[in-house]
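In: No sequence on hand, only this structure:
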């Protein structure tokens, strides 16, 4: 136990003249779980990618990364391929963009297995089914035949975990594995990771900006800011008595009691959005699967509606119907007095109503710079001159807390939190009247999340903006929305005043969501984690069909 399994020494990562990781030294021992926390852009993911040689060609890496007796920095591609997946595996932040959309889940797990293990196709298929069962996906033989788009975010993340575990690695790197998951699914995935890590005796590097997730799952924690390691030590000590002021500021930024949102916005009796008996279905071959059942509601102009529920509850599907991306099987959707699916006025609708997508990697063109991404909606709608467009693009980045110097970068050169802010900036480019936000702050650290929420609140006040806000952070929802819709399995469980629902939930499902949110936020008792009794692990961990 005295010799580190992974020993990082004086690691520097540069992009041109910019130093993004500075003289980092960190060790991980066999069977140990180490967390790395810090704000977006602190160098957490860069460090994780550097370990496996996955940084882009323009990055320059110096220093030492030793795995057992092998030096990884400078190792040729053949040597790295032999280690990746077999000895060191990685769970990426965005499962939807990490999974191949043209391959079934089973084919992807089998491919990972047969790349490293000498087994035939039948054995690999049986092993893949066993892995899906191990990560809590029921009916594994059925799941193997599904494509990634047929799974919810939580299910996709479980598939990623299964793929990472396929070859029984000694070190598992988890890069923000619970970022976009609802509170109950997040708790289940964390409990699953901890259970498997302990059962298999794996070492784990857990990268996250979620302090409570880190507190629940790791033995030691390292704190990074602007590429530098500020402090590192046992998680109990760092979380209860941080030595560095920055660590204290991170702890202070965690959600605490949320004040009731005050409806000081300009609202009218006119409905900006109206749904009447809306049912939504997806077609799979000859089969039709109903995913949203009989939803009726009205959102007045200038008001904010929150939509909450577990992964797969129909939240994003309902948002797509509001945006005209999905035609109801029955019922009616009206937005600003028109059918959002009416193609004759699609351009006008796009200017009035904008979507902030959950999947930042998939919604930004990887071949376009941030400047081009922000310029495109302005140019489509004929906004001013190229000079004015460039000036407006810089202003948009500034509004969401980013430096205009990042306009020249491509999406893959930004952190997950930075990409999320670019997507928000792009949605605001043409001053929409309605903003539909699908998990808009799920990838942001606590301090940046507060800035973005303040930005959205400011826009509502200044422009009487109507807001549909989908989220799994219940504390955020209470601070944003006047009305909340609670969905389970595509059905409305509760709908009404946000304060009333969260202060006195009537339905057992809403009560369970509240309990999960309370357990996942602001836990101070880190000693409970040592004995396996951390409150987050008291949550049920059901299997999913």
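Out: Cool, got the structure. The model shown is predicted, which means the values in this text are computed figures rather than measured ones. Numbering: from 1, shown residues only.

In: Following the chain onward from the helix or strand hosting residue 250, which element is next?
Out: Remark: residue 250 resides in helix 245-252, with elements defined by DSSP states H and E. Beyond helix 245-252 on the C-terminal side, the first helix or strand identified by DSSP H and E is strand 271-284.

In: now what about that next one, what contacts it?
Out: Outside strand 271-284, the residues within contact range by CB atoms under 8 Å, 6 or more residues apart in numbering are 150, 288-303, 305, 314, 317-318, 321-322, 326, 328-336, 433-434, 466, 468, 490. Every residue, glycine included, has its C-beta placed from N, CA and C.

In: are any of those residues buried, and which?
Out: Buried subset of the contacts of strand 271-284 (neighbour count, 16 or more other CB atoms under 10 Å): 291-293, 295, 297-303, 305, 314, 317-318, 321-322, 326, 328, 331, 333-336, 433-434, 466, 468, 490.

In: Tell me the predicted confidence for the residue lying closest to residue 512 once chain neighbours are set aside.
Out: The spatial neighbour of residue 512 that comes closest, neighbours along the chain excluded (CB to CB, 6 or more residues apart in numbering), is residue 184 at 7.0 Å. pLDDT, residue 184: 70.

In: what sits opposite the nearest residue to residue 353 once chain neighbours are set aside in the beta ladder?
Out: Excluding its sequence neighbours, the residue lying closest to residue 353 (CB to CB, 6+ apart) is residue 434, at 4.2 Å. Counting by DSSP bridges, residue 434 is bridged to residue 353, residue 466.

In: Surely residue 434 is in contact with residue 352?
Out: Yes - assessed by CB atoms under 8 Å, residue 434 is found in contact with residue 352 at 6.3 Å.

In: shared neighbours, these two?
Out: 335-336.

In: number of nearby residues for the closest residue to residue 80 other than its chain neighbours?
Out: Nearest residue to residue 80, sequence neighbours excluded (CB to CB, 6+ apart): residue 53, at 4.6 Å. If you count neighbours by other CB atoms under 10 Å, residue 53 ends up with 19.

In: Could you check the pLDDT of residue 53?
Out: Looking at residue 53, its pLDDT reads 92.

In: how near is it to residue 74?
Out: Separation of residue 53 from residue 74 (CB to CB, to the nearest Å) stands at 9 Å.

In: Residues contacting stretch 52-71, please?
Out: Counting by CB under 8 Å, 6+ apart, residues outside stretch 52-71 touching it are 4-16, 23-24, 46, 49-51, 72-73, 75, 77, 79-80, 83-84, 87-88, 90, 171, 173, 412-413.

In: Out of those, name the ones that lie in strands.
Out: 6-15, 23-24, 88, 90, 171, 173 (DSSP state E).

In: what's the domain layout of this protein?
Out: 94-168, 271-520 (automatic domain parsing).

In: Go through those domains and name the closest to residue 192.
Out: domain 94-168 (6.1 Å; CB to CB).

In: picking that back up, counting contacts, what elements does the helix holding residue 250 pack onto?
Out: strand 220-225, strand 228-234, helix 446-463 (3 or more CB pairs under 8 Å, 6 or more residues apart in numbering; DSSP states H and E).

In: okay, those in a markdown table with mean neighbour count, mean pLDDT and distance to residue 188 next?
Out: Formatted as a markdown table, the helices and strands packed on helix 245-252 follow (neighbours: other CB atoms under 10 Å; pLDDT from 0 to 100; distance: least, CB to CB, whole Å):
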| stretch | mean neighbour count | mean pLDDT | distance to residue 188 |
| --- | --- | --- | --- |
| strand 220-225 | 23 | 93 | 22 |
| strand 228-234 | 17 | 94 | 26 |
| helix 446-463 | 17 | 75 | 22 |
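
In: Including distance to residue 479, could these go into a markdown table?
Out: Converted to a markdown table, these look like this (distance: least, CB to CB, whole Å):
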| stretch | distance to residue 479 |
| --- | --- |
| strand 220-225 | 26 |
| strand 228-234 | 29 |
| helix 446-463 | 7 |
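
In: And the ones you listed: which comes nearest residue 374?
Out: So among the helices and strands packed on helix 245-252, helix 446-463 is nearest, using CB to CB, at 15.5 Å.

In: which strands and helices sit next to the closest one?
Out: Checking 3+ CB pairs under 8 Å, 6+ apart, helix 446-463 ends up next to helix 245-252, helix 416-427, strand 434-438, helix 474-480.

In: the inter-axis angle of the second one versus helix 446-463?
Out: The reference is to helix 416-427. Angle of helix 416-427 versus helix 446-463, following axes from the mean of the first three to the mean of the last three CA atoms, to 10 degrees, is 10 degrees.

In: The third one now?
Out: Between the direction of strand 434-438 and that of helix 446-463, the angle (the same axes, to 10 degrees) works out to 160 degrees.

In: Residues touching strand 434-438, excluding its own?
Out: By CB under 8 Å, 6+ apart, strand 434-438 touches 272-273, 315-316, 319, 322-323, 335-336, 352-358, 424, 427-428, 456, 459, 465-471.

In: again, 6 Å this time
Out: Outside of strand 434-438, the residues within contact range by CB atoms under 6 Å, 6 or more residues apart in numbering are 272, 316, 319, 322-323, 353-358, 465-470.

In: May I see the PyMOL selection of the buried members of those residues?
Out: To isolate the buried subset of the contacts of strand 434-438 in PyMOL, counting by 16+ other CB under 10 Å, use the following:
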select buried, resi 272+316+319+322+323+353+354+355+356+357+358+465+466+467+468+469+470
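
In: Distance of the residue lying closest to residue 168 once chain neighbours are set aside relative to residue 64?
Out: Distance criterion CB to CB, 6+ apart; nearest residue to residue 168, sequence neighbours excluded, is residue 200 at 6.9 Å. Per CB to CB, residue 200 is found 27 Å from residue 64.

In: Please verify my assumption that residue 6 contacts residue 30.
Out: No - counting by CB atoms under 6 Å, residue 6 does not reach residue 30; the two are 9.4 Å apart.

In: did I read that right, residue 392 in a strand?
Out: No - per DSSP: H, G, I helix; E, B strand; the rest coil, residue 392 lies outside any strand segment and is helix.
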